[in-house]
Each structure stands twice: as C-alpha cells, then as structure tokens.
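Peer 1: Whatever this is, show me its structure:
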Amino acid sequence: MQKEKNRIDSSVYDAKYESYLSFQDHIPFVLHPALVRTAHTCTAWANWHDNPELQMCLFGSGTVHIDGSAYPFSENDIVYVPPGCIHHTGTAESLTYACLILDTEFCRDAGFDFVRYASPMHFCGGDTWRTRMTALIQTDQQKDDPLRGMRLRMEAMQILIALCESGIKSIQEKSLSAAGMDTVDAAYENPSYRGDVSSRAGGNAQRQNRDTVKRAIQYLQLHYNEKITLPSLAKQVYCDQYALMHHFRQMTGQTVISYLNRLRCLKAKQMILDGMRVSCAAQACGFENLSYFSRTFYKHIGMLPSQCEAEKTAETVFSEEKLTTSKGSENF
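Peer 2: Coordinates of the predicted model:
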C-alpha cells in the first residue's frame, strides 16, 4: 500500500557524493544487511550516487529524506532511491535497516526503465519483501558456496522485478488520484515526472549545478570508452567547461579527468581479469597510449596491468591444477 509523503523544507545542499564504480566478484550490488542508527549515531551528511538504492526497515522507525521530501520509515517499509537523488536516513529513537545499492549496468542490462522510475517510491513491503531480503542476506553470507555469485544475481533480479511490479502499481494508483488535480500538481505527483521542486519554482542555482554534474557523470559512465575532452563533455551537458570543472570538483571531490581515468581503469581491470589482453583492455576503455595507461592504472588500482594479468594467470593455473589433482584422485 502506497504511503503518503510529506514535503519538508530541509537543506540538501551539503551532500556527499559517493562513488560505486567497482563491484566485486561479478556481484551486482553492495549490501549493508543491518545498518543500526540512533539519534546519536545518525550521520549529519546527506549523500548521493549514481546507482539505484533500496532501503528496507527491519526494526524501529525513522525518516528517509529524498530530495527535500520526507518519507516515514517503519518496519517492513521499502524506500526506493533513484540514481542522483540526495538522501539521508535518520531517526529520533532507534532504527535498523537493510540497504541495497545496485549496479547500474546490471539494472540496465535487465531492462530496468530508469526514466519510468526516476522518482522515489515508498511502500509497505510486508512479509514477502522481508523474505526476499532475508534470502539475499543469507546467500551473501555463504562465502564458500561455489555458486554464490550466480545465486546472488538471481536474488537481485527477483528483487528488481518486485520493485518494478510495485512501481507499476504505484504509478497506476497515482495516475488515478491525480485525475482530479491541477495539471502541474498532478505531473509532480506522478513518479514518471522527471522534474523537481526547484525546477517548478523557477530553479535554484545550486540544484541546477548539481544536476549538471549528475548529467556529466551519467555521460561518462555511458561513453567512457570514447574520446572525451572537457570542452566536448561540457557541450554534452550544456555548461561552460570552466564552470563544469569547478562544480564537478566541488561536488565529487575529484576532477573530471580523475573520475574518468578511475572509471576506465576499473573497467579495464575487470576486462583483464575476464581474460582480455592488457593492450586490448586499454584500447577498449579509451586509452590510446599503453604507457600512459600503465601509469594511470597503477595510480588508481595500485598495481600494474601486467601484475593484474599475472595474478589472473596464476589463479587460472591453480584452478586447473586443483581440477587435475581432483580427477587424479578419483581415478586412483
């Protein structure tokens, strides 16, 4: 059942940017199974990132603030935080909740409609959602299971499907309730509407700057393997290059080039671990000069690409030797 949200006049300007560019062992999410918050331990900072996030209240109660709106958060409540939304979870008493941050590429490959679900969602998940989240947490703890990665991807997909089903129901309910409302208010209440309070009220410079940085990050994630310059990126997000450079560093704590190089190196590392040659991985991730790629890779990853390749080779040889030994034991 969809719960009503309350709008608040809270400041969301001092928000910390979090980067989730690398997901370990092909597991398409970061999971915090039981975050505990009290009135004294709640962080003072809101945060935002480029990944879809799901929060489920396990015990207690609190409030989730998303882009200036407050959502009550009690046992079995589910809150969906879309990519780029500034959010903060707090409580005046005590709160325990699970937090699931999904890999954007995993969601995109699964057919998740980021435009349709561009606004937050808040609903009561009930026992079904608790069962799904519990299954995910238990599977994640089975570190010795050789099929752990596959099972986790399956569990994550089930949660994504459930989110979409809840989203469709939510949109239908809101469309019906919006039928008798003023056109502008109805559009704002509809989850498919992509604007925010600031754009409807005439805009706020700081919010607009953050939106520009978000668009720049989204473009870099989609086109990291192409030739990108600061002027060309600024043109894509309709911003002056010097203003973009300033706002990007102010809001993410790093330069555009540093962010892009780190993203490229993380992608290249995964390609190398998947068996691709170093030179091919470098080219596939937008590096034209192999020497520059090696230096940049070492700076951001902490090892040379060749060391990463050797590490993968050693791992493969060890696995093959283990398999041969196992077969030999069976024959013996």
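
Peer 1: which residues of the protein fall in strands?
Peer 2: Assigned by DSSP state E, the strands in the chain fall at 6-7, 15-17, 29-38, 46-48, 53-66, 69-74, 77-81, 87-90, 94-102, 121-124.

Peer 1: for these, which one sits closest to Arg249?
Peer 2: If you check each of the strands of the chain against Arg249 by C-beta to C-beta, strand 15-17 wins as the nearest, at 10.6 Å. (Glycine included, C-beta is placed from N, CA and C.)

Peer 1: list the helices and strands that closest one packs on?
Peer 2: strand 46-48, helix 241-252 (3 or more C-beta pairs under 8 Å, 6 or more residues apart in numbering; DSSP states H and E).

Peer 1: Pull up the pairing partners for it, direction included.
Peer 2: According to DSSP bridges, the neighbouring strands of strand 15-17, each with its direction, are strand 46-48 (parallel).

Peer 1: What lies in contact with the partner strand?
Peer 2: With contacts defined as C-beta atoms under 8 Å, 6 or more residues apart in numbering, strand 46-48 is touched by 12, 14-18, 65, 84-88, 210, 214.

Peer 1: Of the residues you listed, which is the nearest to Ile257?
Peer 2: Of all the contacts of strand 46-48, the one with the least separation from Ile257 (C-beta to C-beta) is Tyr17, at 16.3 Å.

Peer 1: Not counting its neighbours along the chain, what's nearest the closest one?
Peer 2: The shortest distance from Tyr17 to any non-neighbouring residue, by C-beta to C-beta, 6 or more residues apart in numbering, is to Thr252 (4.4 Å).

Peer 1: Quick one: residues contacting that neighbour.
Peer 2: Residues near Thr252 by C-beta under 8 Å, 6+ apart: 17, 19, 213, 217, 259.

Peer 1: residues touching the residue positioned nearest the centre of the chain, list them.
Peer 2: By C-alpha atoms, centre = their mean, the chain has its centre lying nearest to Asn51, at 1.7 Å. The neighbours of Asn51, taking C-beta under 8 Å, 6+ apart as the test, are 20, 83, 101-104.

Peer 1: In these, which residue is surrounded by the most others?
Peer 2: Neighbour count (other C-beta atoms under 10 Å) singles out Leu102 as the most crowded of these, with 24 neighbours.

Peer 1: correct me, but it touches Leu163?
Peer 2: No. Using C-beta atoms under 8 Å, Leu102 makes no contact with Leu163, being 9.3 Å away.

Peer 1: okay, and the common contacts of the two?
Peer 2: Leu54.
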